[in-house]
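Engineer: sequence and predicted model, in that order:
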Amino acid sequence: MKKLIILLLPIFFVGVTHAQEVKYNKLLKGKWLSEDGDAIINIFEEHGKIFGRIIWLKEPNNKKGHPKVDDKNPKPSLRRRKILGLVIMKDFVYKKGLFWSDGTIYDPKSGKTYDANIELKGKDVLSLRGYIGISLIGRTSVWHRVKN
């Protein structure tokens, strides 16, 4: 009996951890207004990880009236993709409490991708810290949940 319990214990803990991940990921999902108020990002879950897609832009078109494209992207093959609909947050993993890490955030204004962490500061306030190398050297952006 002891051997059976010892064998089943890891399965139990994996199940509990997954249940927590699902529970907390639900808190993060939804529509969020960027700090500058120029974009709304829809945060969603896919395969247990958190992603974010631009679903609204204050100014979706360039000066010529054409949809804005990812023209600052370092990869020439990606410079024609539209900003609207772009997935800019990728691969965030729930850690503990109200904290996610191991993800990246792409800034279409500069064409740069940063490592990033997310922390919920309340039901409707999200703190996103983008950085290079270590999180001490970076920038924090505060987003607010969009109420439907």
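Structural biologist: Cool, got the structure.
Engineer: relative to residue 103, how far out is the residue nearest to the spatial centre of the chain?
Structural biologist: What sits nearest the mean C-alpha location of the chain, by Cα atoms, centre = their mean, is residue 89, with 3.8 Å. According to Cβ to Cβ, to the nearest Å, residue 89 and residue 103 sit 6 Å apart. The C-beta positions use only the backbone N, C-alpha and C, and glycine is treated the same way.
Engineer: joint contacts of these two?
Structural biologist: The contact sets of residue 89 and residue 103 overlap at 50, 116 (Cβ atoms under 8 Å, 6 or more residues apart in numbering).
Engineer: before we move on, back to that, quick check: beta-bridge partners of the residue nearest to the centre of the chain?
Structural biologist: Judged by DSSP bridges, the bridge partners of residue 89 are residue 52, residue 105.
Engineer: surely it meets residue 54?
Structural biologist: No - here residue 89 does not reach residue 54: they are 9.6 Å apart, not a contact under Cβ atoms under 8 Å.
Engineer: hang on, residue 27 in a helix?
Structural biologist: Yes - counting by DSSP: H, G, I helix; E, B strand; the rest coil, residue 27 is part of a helix.
Engineer: count the neighbours of it for me.
Structural biologist: Neighbourhood size, residue 27 [other Cβ atoms under 10 Å]: 12.
Engineer: same check, this time on residue 88
Structural biologist: 19.
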